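**Student:** Sequence and computational prediction follow.
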Amino acid sequence: MPAVHEFDVVVAGGGPAGIAATLSAARSGAKVALIEATGAFGGMATTGMVPAFCPYSNGEEVVIRGIGFEILEKARECGAAISKSGGGVKEHDWVRINAEKLKLLFDRMLVESGAELRLFTQVTEPRVEADRIAALETWSKSGREEWRAPLFVDCTGDADVAARAGCPCDQGDAKGRMQPSTLCFVVAGLRGEEVSGVLRHQPFGEIVKEASLAGDLSGRLDHHHCVSEA
């Protein structure tokens, strides 16, 4: 028999959405469990190596607030986020991320919330009773477990829980088109002065684009780039 856990809210997926859902529910007084398949919280912002937060403004004023904005401000304070210089709304847009420092910030905020936190725990199947999810089954080094709650939040990124529970799901836009995949990477071993010297003559994005057009790199590599000396 699996070990059984009872909560008010169970959140599947510890990326940015799962973190926000967990903090919101826990701060409201609910008994919350956050289940994450990998070894760190943060999802695409940390283990996914997406290098920057998307814009918090519409170009004229900040329009994203709440827990998302709280995370941005705390990330700046601890060096997990580096804003553009110049002030104004632009300092809230495409803010660079230091993934390792951001992992520590997320850990601290989640622990302080009082939520039950589980890493390296894979959601296997939802158990549906009377057209509602009654429990989530998971597998980890602790073996098979069952998480019961009146409310479940699917933050897996691919609607894994909802789809397996039989909920109707759409894929892509109105025409079924999907967003192209993006490869994020890190170039290590460069000293700060070396990076500054290279970029003074040619931005990194242009270097990558030239290599792509020359056939040295495959794919269309002409999107955003972020450079950090951290």
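**Tutor:** The structure has been received and is ready for your questions.
**Student:** Beyond the lowest-mean-pLDDT helix or strand in the chain, next helix or strand please.
**Tutor:** Ranked by mean pLDDT, DSSP states H and E, the helix or strand of the chain with the weakest confidence is helix 192-201, at a mean of 59. Where DSSP states H and E defines the elements, the next helix or strand beyond helix 192-201 is helix 204-213.
**Student:** Alpha carbons of that following helix, as PDB, please.
**Tutor:** The C-alpha trace of helix 204-213 is given here as PDB (Å, rounded to 0.1, in the frame of the first residue of the first chain):
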ATOM      1  CA  PHE A 204      27.200  38.400 -28.800                       C
ATOM      2  CA  GLY A 205      23.900  38.000 -30.700                       C
ATOM      3  CA  GLU A 206      25.500  39.200 -33.900                       C
ATOM      4  CA  ILE A 207      28.400  36.700 -33.500                       C
ATOM      5  CA  VAL A 208      25.900  33.800 -33.100                       C
ATOM      6  CA  LYS A 209      23.800  35.000 -36.000                       C
ATOM      7  CA  GLU A 210      26.800  35.200 -38.300                       C
ATOM      8  CA  ALA A 211      27.800  31.700 -37.300                       C
ATOM      9  CA  SER A 212      24.300  30.500 -38.000                       C
ATOM     10  CA  LEU A 213      24.200  32.100 -41.500                       C
END
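**Student:** Return the distance of that helix from the chain's centre.
**Tutor:** What separates the centre of helix 204-213 from the centre of its chain is 27 Å, taken as CA atoms, centre = their mean, to the nearest Å.
**Student:** and what of stretch 119-137?
**Tutor:** 22 Å.
**Student:** got it, and stretch 91-98?
**Tutor:** 14 Å.
**Student:** Could you do stretch 139-147 as well?
**Tutor:** Chain-centre distance of stretch 139-147: 23 Å, with CA atoms, centre = their mean.
**Student:** Name the residues that touch that stretch?
**Tutor:** In this structure, residues lying in contact with stretch 139-147 by CB atoms under 8 Å, 6 or more residues apart in numbering are 2-5, 7, 10, 33, 35, 118, 120-122, 124, 127, 135-138. Where you see a C-beta, it was placed from the backbone N, CA and C, and this is true even at glycine.
**Student:** ok, 6 Å please
**Tutor:** The list of residues contacting stretch 139-147 from outside it, by CB atoms under 6 Å, 6 or more residues apart in numbering, reads 2-5, 10, 33, 120-122, 124, 135-138.
**Student:** Now do that stretch: distance from first to last residue.
**Tutor:** From its first residue to its last, stretch 139-147 covers 11 Å (CA to CA, to the nearest Å).
**Student:** quick one on the thing from earlier: just the buried residues of the contacts of stretch 139-147.
**Tutor:** For the contacts of stretch 139-147, a burial check counting by 16 or more other CB atoms under 10 Å picks out 5, 10, 33, 121, 135-136, 138.
**Student:** which residues of this protein fall in helices?
**Tutor:** Taking DSSP state H to define them, one finds helices in the chain at 16-27, 66-77, 99-113, 160-164, 192-201, 204-213.
**Student:** Of those, which stretch is the most buried?
**Tutor:** Burial among those, expressed as mean neighbours by mean count of other CB atoms under 10 Å, is greatest for helix 16-27, which shows a mean of 22.
**Student:** if you average pLDDT over that helix, what comes out?
**Tutor:** Across helix 16-27, the average pLDDT comes to 98.
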